[in-house]
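> here you go, sequence then predicted model.
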Amino acid sequence: MSRLPLALALALGFATPAFAADSTPGPVAPAAPFAAKTKSRPAIGLGLTVAFGSGRVETGIGLRVFSGNRRNRAVGSLSLDYMFNSQSLRAGVGVAYLGNNIFGGADVGYNFTHRDIDFGLNLGGANTRRGNVQAPAPVAPPVTTAE
């Protein structure tokens, strides 16, 4: 067995060091750290934003990308808002709570027209999923005995 594919399998978590010591070919089980993770993809949201900063209060509409899509969880968010009052774009980084296809969040943003940093509150809709889905259990490689 070539060492390069084995090194790649170890790096990606498809083989364990115990399997690497045995050079006999056979099925490879995923490593335990990778098998315990849940499958969560980013969620996309569209919502309203109210931004406070530099003595102004602005409202806008924004597109958000969340770090996960599971319901009833706190997640990170990246956003791009169009602010109605100043007709400008605002980029933001923050946190949000995902509910049943809705979100509420807070972020710190940068208004490109005013060139200043502000604080925003957001509320809107997002594509969320139930939170109890987990990755399948790992399959153990077959045990062979030498006779």
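Here it is on my side, so go on.
> can we go C-alpha only for contacts and neighbour counts from here?
Noted.
> break this protein down into its domains, please.
Domain segmentation of the chain under automatic domain parsing yields 3-35, 43-126.
> could you export the ones you listed as CSV, including distance to residue 138 and mean pLDDT?
CSV is the format used below for those (distance: least, C-alpha to C-alpha, whole Å; pLDDT from 0 to 100):
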stretch, distance to residue 138, mean pLDDT
domain 3-35, 6, 46
domain 43-126, 22, 96
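> deepest of those, which one?
Scoring the domains of the chain by mean neighbour count under mean count of other C-alpha atoms under 10 Å gives domain 43-126 as the most buried, with a mean of 19.
> what's the end-to-end length of that domain?
End-to-end span of domain 43-126 (C-alpha to C-alpha, to the nearest Å): 7 Å.
> and the strands in this structure, which stretches?
With DSSP state E, the ranges of strands along the chain come out as 43-53, 56-66, 73-83, 88-98, 102-111, 116-126.
> the fourth one to strand 116-126, inter-axis angle?
By that I understand strand 88-98. 50 degrees (axes from the mean of the first three to the mean of the last three C-alpha atoms, to 10 degrees).
> so which elements touch strand 88-98?
If contacts are counted by 3 or more C-alpha pairs under 8 Å, 6 or more residues apart in numbering; DSSP states H and E, strand 88-98 sits against strand 73-83, strand 102-111.
> can you tell me which of those strands is nearest to residue 144?
Proximity to residue 144, assessed across these by C-alpha to C-alpha, is greatest for strand 73-83 (43.9 Å).
> beta partners for residue 110?
residue 91, residue 117 (DSSP bridges).
> just checking, it touches residue 88?
No - using C-alpha atoms under 8 Å, residue 110 makes no contact with residue 88, being 10.4 Å away.
> need the contact list for the nearest residue to residue 108 once chain neighbours are set aside.
Using C-alpha to C-alpha, 6 or more residues apart in numbering and skipping the chain neighbours, the partner closest in space to residue 108 is residue 119 (4.7 Å). Residue 119 makes contact with 51, 52, 53, 106, 107, 108, 109 under the criterion C-alpha atoms under 8 Å, 6 or more residues apart in numbering.
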